[in-house]
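Enquirer: let me see the structure of the following:
(one chain, ligands or ions: 1)
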Amino acid sequence: MKNLVIANWKCNPSSLKEAKNLFNLIKKQSKDIKKTEIIIVPPFIYLPFLKGLDLGAQDCFWEDKGAFTGEISPLMLKNLSCKYVIIGHSERRKYFNENNEIINKKIKAALRNNLIPILCIGEREEEKKKKKTKKIIREQLENGLKDIKKANLIIAYEPIWAIGTGNFCDFEIAKEIKNIIFETLSKIFNKNNLEKIKIIYGGSVNFKNASDYIKKSEFNGLLVGGASLKSQDFVKIIKSIEKLNNIKFK
Ligand code: 13P
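Expert: Residues are numbered from 1 along each chain as shown. The predicted model follows:
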């Protein structure tokens, strides 16, 4: 199983020229990467112009077409050769009131169009303080994946307090959460399907802490925000993961 390194550019950069430039630098500097899967998730409007690395979208609507002003459908994304779609990112839950029910509809729509959903889950700071992390994680998985029995899927654990703060999650704690995610998924999916699901970490990942989430916490990859906007930092993260793979495959 290849480890994933995913760049979530969020609402950046502000011009196509900058987007192409960043993309091409990452592509050039990572041309020797063989055992790590690199996925770039830019704003929708840049998707048709970026070629040569796997692409994902940051969200999608739950219908394929129709009178839904302003929405981007999973069918449109599929037709743009997009492979992945982030669903339920905490910023969408917070600023656009997306709840587990909406997220469930979006996951189903993505799967119906053969896109691989990257379902984001994670607890808020006050939930962590009240020791509600396990409960939140289970609820987000059970409700977000309601009535889904078979899925090619990625789960991203992104504790909200760790996003954009520099305050990344302790590796041991992250490992415990990864195990809770796996246990919860094993109640939803059969063994065959379970083996295909990747569980990744996101939240203040940088080139210093990246490899420990694979080595110590046993995640299958990383979802990177801020550090994916600087090509050198992002490529350093990719290379630190590729190095681990080299050790593992020897
Ligand atoms: P940061 O890496 O900037 O903390 O963002 C994480 C994130 O939200 C990725 O989806």
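Enquirer: hmm, what's the outermost residue in this protein?
Expert: Most distant residue from the mean C-alpha position of the chain: A67, 28.8 Å away (C-alpha atoms, centre = their mean).
Enquirer: and that one, what pLDDT?
Expert: On the pLDDT scale, A67 is placed at 98.
Enquirer: one more: M1?
Expert: 82.
Enquirer: that one and N220 touch, don't they?
Expert: Yes - in this structure, M1 is within contact of N220 by C-beta atoms under 8 Å, at 6.3 Å. (C-beta placed from N, C-alpha, C; glycine too.)
Enquirer: okay, and the common contacts of the two?
Expert: K198 (C-beta atoms under 8 Å, 6 or more residues apart in numbering).
Enquirer: of the two, who's got more company?
Expert: N220 (19 against 9; other C-beta atoms under 10 Å).
Enquirer: next up, the contacts around whatever residue of the chain ends up closest to the ligand.
Expert: Residue of the chain nearest the ligand, by C-beta to the nearest ligand atom: G225 (2.2 Å). Going by C-beta under 8 Å, 6+ apart, G225 touches 8, 10, 163-164, 202, 205.
Enquirer: still on that earlier bit, just checking, the residue farthest from the centre of the chain is part of a strand?
Expert: No - going by DSSP: H, G, I helix; E, B strand; the rest coil, the assignment for A67 is coil, not a strand.
Enquirer: setting aside sequence neighbours, what's the nearest residue to E98?
Expert: Leaving aside its sequence neighbours, E98 sits nearest to R92 (C-beta to C-beta, 6 or more residues apart in numbering; 4.6 Å).
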